[in-house]
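Asker: can't give you the sequence, but here's the structure:
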């Protein structure tokens, strides 16, 4: 695999952050949020700032933009010099003038970063209004021009659209257009592709690279994804607990990381090479789905319209102790399938059998006793536990509902906590006292409290840092071996799927397009869509955990099968 | 959209019907005999009986109700028991001062309350914020008539800036109208301002935490633009809602305020009608008030889609 790692030895320094410290406002004693951070970016360079959540990546970028939340965080020392000007010395008006014209920023979440009640064209024009005086038609021309540059289709229509009428990828293009319309020297991109599908991510990354080339912009790219680093970075700065622990060119960093922390980060990156296949015991399936359909919005009395087909003729089966992965991009219908199986929503048609019981048509009342056999873990551990309940209450609720005695349920809750690797005293504490990874362990404990036959994990590790992700995946694996649960694992991340799944189902637009063993789907995909997904996975030629390129055979093999279009 | 408007208007019919039944029963079932009031203390039972018959008060209650609804359908709100003039005509004579005062109050309230709420949210947890919140609590707690008298004492009696009472139609002399209406409007507006300012502040605080506010700041736009263009337009829906529901406070306030400031509006008419147990007038007024309330909230519901393009009916 080729790294960008261009040489910038001769290029002028554009941004230099010198000994920057940031702390909680009005609290001199607390540990600083940023501690003595120094980094430089040269004209035209792409610098990646990597680290786990809470390491201070975003704070660094917000401090540079002068956008630290007022009254919460404050700079306590250091300098941020952009072209010989210390940004920290500038007054509010002078700093406003710098933004968008000299340095600009693209944020993580394109769905919420645009004002929902203003047309996107007007939102981009606002940048011009704030910094330059132009006649009306000239403003419009420039906006249409930048929309064209970020490769949006039908720029006139997009210009007059509201954000909710655009897709996530399109909105991120709008954000980029907004950031680059005044051709600033520095673009700060804070996880700009994290919320996007892999194929969209690939497009956005190449768009940023293209515009960077064209305008000579330097990019400070914040990410937690080592794959992205491998694709785009010239230099890499690794952050941990508010400090920079290692700085190197991307090639050096990925090949010969010096610090233990960097090494552990890289080791945690799940490999795209699928796990060795496990023998199928050949037992009866515990979950069988046949011809599942889910249509939305069939219209009512006053409207008739084409229904949205969220799931079309979905069929699969899982047996005890096995893991089936459903992968696909957003909108592919994978979560719809999970919710139908849980009967959180009612399927339009088709059969869902848990053990021998057909549950797709049972009434809510009749369904209740069967619910214990199938349990779910959701994506966001910060929102899936009731914040006002103790962990014990959350763990005991299910068993109590099914008639277990209080003392017994309490004892069981303690057992469960031990099983998922949490201390016993966690039982009387509240969710906010735990980290994301710990909360996800609690969510898993809650799900297995009912001794289900099937555990549905809906993007259960997607919100976690890679190191924590690896631990949670290990936990699921261990629980599966101990309890023999069948796991339906829904994810958009092929790396994760490769780590845990025996079989993989690939969904696209509500349909299953490929269903095979993980080894076959990932190593020898037959469907064009599956191949495009694998190809879009960033850094797929690199074996991060072993600091070397993947044996070229496995890469070449998929490459060879890409039809030349 | 058209379909939605049609359905919403249809939904008004049962609401108004329920209001009608309630209004009718409430008054007929409260003690006190209008015939006795009408006839005076010295009336003989025979005189009372004659009055009752002529007013239809002897008919069974459902007959009285159907007669009444039938008349309503024809735009006939009945005839006052006291003055013998049609209720519609009485209300018609009194409605304009009330409408003028109400419109001025709403404009004044929004003009004061919204900037107040915005500044309070912008300067969250500073003395500005605390001042606005304290005013808000005060505005809620002090009774309307107390505010009225305090304003009169201060501005009219001590400072002699404004007249104590009375009303001049704006068509006659707009300046005079303003000078006489400003105190009643301020009185009425106090509680309304308290309510709207509070809601604006709360709703803006929520919006100011949104990602697109950060985006706007990252673009280098002025703080004023961030607050009023980006934040306020997103906070509009809850603010509008509270303006609509708070309209009920205005109706209650009008009755007191018009009495305090001696304004010949529907509010005073209400007080007079209640004291005289003039059923048809009271019914007419309640129907009018609830009709206005429902209509204003309908308009507000429909205006949501103007403020938020994501709302489509």
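Answerer: That came in fine, so what should we check first? Given the structure is predicted, the values throughout are model-derived calculations rather than measurements. Numbering: from 1, shown residues only, chains lettered A, B, ... in the order given.
Asker: Show the model's pLDDT score for residue 60.
Answerer: No chain specified, so I'll use chain A. Per-residue pLDDT puts residue A:60 at 95.
Asker: Actually, chain B is the one I wanted.
Answerer: 83.
Asker: Burial check on it, number of neighbours?
Answerer: 8 (other Cβ atoms under 10 Å in any protein chain shown). In short, each C-beta sits where N, CA and C put it, glycine included.
Asker: Over to residue B:61?
Answerer: 12.
Asker: For chain B, name the helix or strand with the lowest mean pLDDT.
Answerer: When each helix and strand of chain B is scored by mean pLDDT, DSSP states H and E, helix B:34-39 comes last, with a mean of 69.
Asker: Name the next helix or strand following that one along the chain.
Answerer: Once helix B:34-39 ends, the next helix or strand along the chain (criterion: DSSP states H and E) is helix B:45-55.
Asker: which helices and strands sit right next to that next one?
Answerer: helix B:34-39 (3 or more Cβ pairs under 8 Å, 6 or more residues apart in numbering or on different chains; DSSP states H and E).
Asker: Look up how far residue A:71 lies from whichever residue of the stretch 51-200 of chain B sits closest to chain A.
Answerer: For the stretch 51-200 of chain B and chain A, the shortest gap (Cβ to the nearest Cβ) falls at residue B:125, measuring 7.4 Å. When distance is defined by Cβ to Cβ, to the nearest Å, residue B:125 is 7 Å away from residue A:71.
Asker: go on, residue A:155?
Answerer: Distance from residue A:155 to residue A:71, counting by Cβ to Cβ: 40 Å.
Asker: So for those two, which sits in the more crowded spot?
Answerer: Per other Cβ under 10 Å, whichever of residue A:155 and residue A:71 has more neighbours is residue A:155, with 19 against 11.
Asker: Quick check: closest non-adjacent residue to that one.
Answerer: Leaving out its chain neighbours, the residue that sits closest to residue A:155 by Cβ to Cβ, 6 or more residues apart in numbering or on different chains is residue A:147, at 4.2 Å.
Asker: Show me the contact partners of the host helix or strand of the one you found.
Answerer: Per DSSP H and E: residue A:147 is located in helix A:136-149. For helix A:136-149, the surrounding residues in contact (Cβ atoms under 8 Å, 6 or more residues apart in numbering or on different chains) are A:121, A:124-125, A:128-129, A:134, A:155-156, A:158-159, A:174, A:177, A:180-181, A:211, A:214.
Asker: The closest residue to residue B:121 other than its chain neighbours: neighbour count?
Answerer: Nearest residue to residue B:121, sequence neighbours excluded (Cβ to Cβ, 6+ apart): residue B:204, at 3.8 Å. Neighbourhood size, residue B:204 [other Cβ under 10 Å]: 25.
Asker: for residue 133, helix, strand, or coil?
Answerer: By default, I'm working from chain A. Following DSSP: H, G, I helix; E, B strand; the rest coil, we place residue A:133 in the coil state.
Asker: Can you look at chain B instead?
Answerer: Secondary structure for residue B:133, judged by three-state DSSP, is helix.
Asker: returning to that earlier point: flag every buried residue along the helix or strand encompassing the residue nearest to residue B:121.
Answerer: Using DSSP H and E, residue B:204 sits within helix B:174-208. Going by neighbour count (16 or more other Cβ atoms under 10 Å in any protein chain shown), the buried part of helix B:174-208 is B:177, B:180-205, B:207-208.
Asker: related to what we said a few turns ago, just checking, which of the contacts of helix A:136-149 belong to helices?
Answerer: Using DSSP state H, the subset of the contacts of helix A:136-149 located in helices is A:121, A:124-125, A:128-129, A:155-156, A:158-159, A:174, A:177, A:180, A:211, A:214.
Asker: Just the element for residue A:309, please.
Answerer: Using DSSP H and E, residue A:309 sits within strand A:308-319.
Asker: so where do the helices sit in the stretch 201-313 of chain B?
Answerer: Ranges of helices in the stretch 201-313 of chain B, per DSSP state H, counting those that start in this stretch, are B:211-218, B:223-225, B:232-245, B:247-261, B:266-275, B:279-307.
Asker: ok, now which ones touch residue A:436?
Answerer: A:53, A:381-382, A:463-465, A:468.
Asker: closest to chain B among those?
Answerer: Minimum distance to chain B across these is 15.8 Å, recorded for residue A:382 (Cβ to the nearest Cβ).
Asker: Surely that closest one is in a helix?
Answerer: No. Using three-state DSSP, the assignment for residue A:382 is coil, not a helix.
Asker: Look up the closest residue to residue 252, ignoring the ones flanking it.
Answerer: Went with chain A since none was named. residue A:5 is the one closest to residue A:252 (Cβ to Cβ, 6+ apart), at 7.6 Å.
Asker: Switch to chain B, please.
Answerer: In this structure, residue B:252 finds its nearest non-sequential neighbour in residue B:144, 7.8 Å apart by Cβ to Cβ, 6+ apart.
Asker: thinking again about what came up before, which one of the helices of the stretch 201-313 of chain B lies nearest to residue A:12?
Answerer: Minimum separation from residue A:12 across those (Cβ to Cβ) falls at helix B:211-218, 24.7 Å.
Asker: quick one: that closest one to helix B:232-245, angle?
Answerer: Orientation check (axes from the mean of the first three to the mean of the last three Cα atoms, to 10 degrees): helix B:211-218 against helix B:232-245 gives 130 degrees.
Asker: Can you say which helix or strand has residue 170 in it?
Answerer: Using chain A here. Here residue A:170 sits within helix A:168-180, counting by DSSP H and E.
Asker: Show me what that helix is packed up against.
Answerer: strand A:103-106, helix A:110-113, helix A:120-131, helix A:136-149, helix A:198-215.
Asker: check whether the second one contacts chain B.
Answerer: This points to helix A:110-113. Yes. Using Cβ under 8 Å from any Cβ of the partner chain, helix A:110-113 comes into contact with chain B via A:112-113.
Asker: Is residue B:279 in contact with residue B:81, as I believe?
Answerer: Yes. Counting by Cβ atoms under 8 Å, residue B:279 touches residue B:81, with 6.4 Å between them.
Asker: the more surrounded of these two?
Answerer: Remark: of residue B:279 and residue B:81, residue B:279 carries more neighbours, 24 against 21, as counted by other Cβ under 10 Å.
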